[in-house]
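S.K.: model this:
(chains A and B)
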Amino acid sequence: RKEVEQDPGPFNVPEGATVAFNCTYSNSASQSFFWYRQDCRKEPKLLMSVYSSGNEDGRFTAQLNRASQYISLLIRDSKLSDSATYLCVVGHSGGGADGLTFGKGTHLIIQP
Amino acid sequence: DAGVIQSPRHEVTEMGQEVTLRCKPISGHNSLFWYRQTMMRGLELLIYFNNNVPIDDSGMPEDRFSAKMPNASFSTLKIQPSEPRDSAVYFCASSLGDRGLGYGYTFGSGTRLTVV
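M.R.: Next up is the predicted model:
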């Protein structure tokens, strides 16, 4: 089982719609969680951290379900500029090569 | 803050040549990471430095790859000799703390390497 799994998509969504995608992780001892955004031919950029109680940043809502070992990202009122690849990132300490493990990303296309 | 600075942005080289990629982390960040990204494999961690010391290089694919961090503001990733399968985007990232667990990483803009 891969450490961090995401549906690669693409998700084709009309502008203004709400879209959500999940990410599952295998290490139950994981401690930190993030969503990153990567535009085509650009570097990944931190979108938001994910906290245990869930958190919101404008149109973006992130949630964590430790029991089922998944995190989610919800985008409301989607904009054309939201088109990008969204990377799920999970962190744990103690052993292993990666402090943070990156998923391969979910490709989102917002259509006019 | 200028962010993480990488050079060159693009590199095209012939198979067998030596390639050196450079990175300047954000001032004050004590963790530095080199990643490689391809469509097939996504982001792969190559090596991690903490306070200029290599902590984990288990991701370095083979002896052709080497990395150094002579001081807190500079790191290099060298490939010698280069092969076509090394073609990828190489990212440098830096962070506060150990492995950036609580903070996430800030990435440089990457070096797009093509080996022909």
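S.K.: what's the weakest-modelled helix or strand in chain A?
M.R.: Taking mean pLDDT, DSSP states H and E as the measure, chain A has strand A:100-102 as its least confident helix or strand, at a mean of 88.
S.K.: list the contacts of it.
M.R.: Contacts of strand A:100-102 with the rest of the structure, by Cβ atoms under 8 Å, 6 or more residues apart in numbering or on different chains, involve A:3-4, A:25, A:27, A:32, A:34, A:36, A:44, A:87-92, B:42-43, B:99-101, B:104-105. For the C-beta atoms, the positions are set from N, CA and C on the backbone; glycine is no exception.
S.K.: what bridges to the closest residue to B:F65 other than its chain neighbours?
M.R.: Closest residue in space to B:F65, ignoring its immediate chain neighbours: B:I79 at 5.7 Å, by Cβ to Cβ, 6 or more residues apart in numbering or on different chains. Judged by DSSP bridges, the bridge partners of B:I79 are B:V19, B:F65.
S.K.: B:I79 and B:D63 touch, don't they?
M.R.: No: here B:I79 lies out of contact with B:D63, judged by Cβ atoms under 8 Å, at a distance of 10.6 Å.
S.K.: how about the residues of chain A near chain B?
M.R.: A:31-32, A:34, A:36, A:41-46, A:49, A:87, A:89, A:91-93, A:97-100, A:102-105 (Cβ under 8 Å from any Cβ of the partner chain).
S.K.: now these: which count as buried?
M.R.: Neighbour counting by 16 or more other Cβ atoms under 10 Å in any protein chain shown classes A:32, A:34, A:36, A:43-44, A:46, A:49, A:87, A:89, A:91-92, A:98-100, A:102-105 among the residues of chain A next to chain B as buried.
S.K.: just the ones in strands from those, please.
M.R.: Mapping these onto strands (DSSP state E) picks out A:32, A:34, A:36, A:44, A:46, A:49, A:87, A:89, A:91, A:100, A:102.
S.K.: how long is stretch A:7-21 from one end to the other?
M.R.: Separation of the first and last residues of stretch A:7-21 by Cα to Cα, to the nearest Å is 8 Å.
S.K.: er, stretch A:22-40 actually
M.R.: First-to-last residue span, stretch A:22-40, Cα to Cα: 21 Å.
S.K.: what mean pLDDT does that stretch get?
M.R.: In this model, stretch A:22-40 has an average pLDDT of 93.
S.K.: so how far is that stretch off the chain centroid?
M.R.: 6 Å (Cα atoms, centre = their mean, to the nearest Å).
S.K.: name the residues of that stretch that come out as buried.
M.R.: A:22-25, A:30, A:32-38.
S.K.: contacts for stretch A:33-45 next, please.
M.R.: A:46-50, A:60, A:62, A:64, A:71, A:73, A:84-91, A:100, A:102, A:105, B:43, B:91, B:104, B:107-110, B:112.
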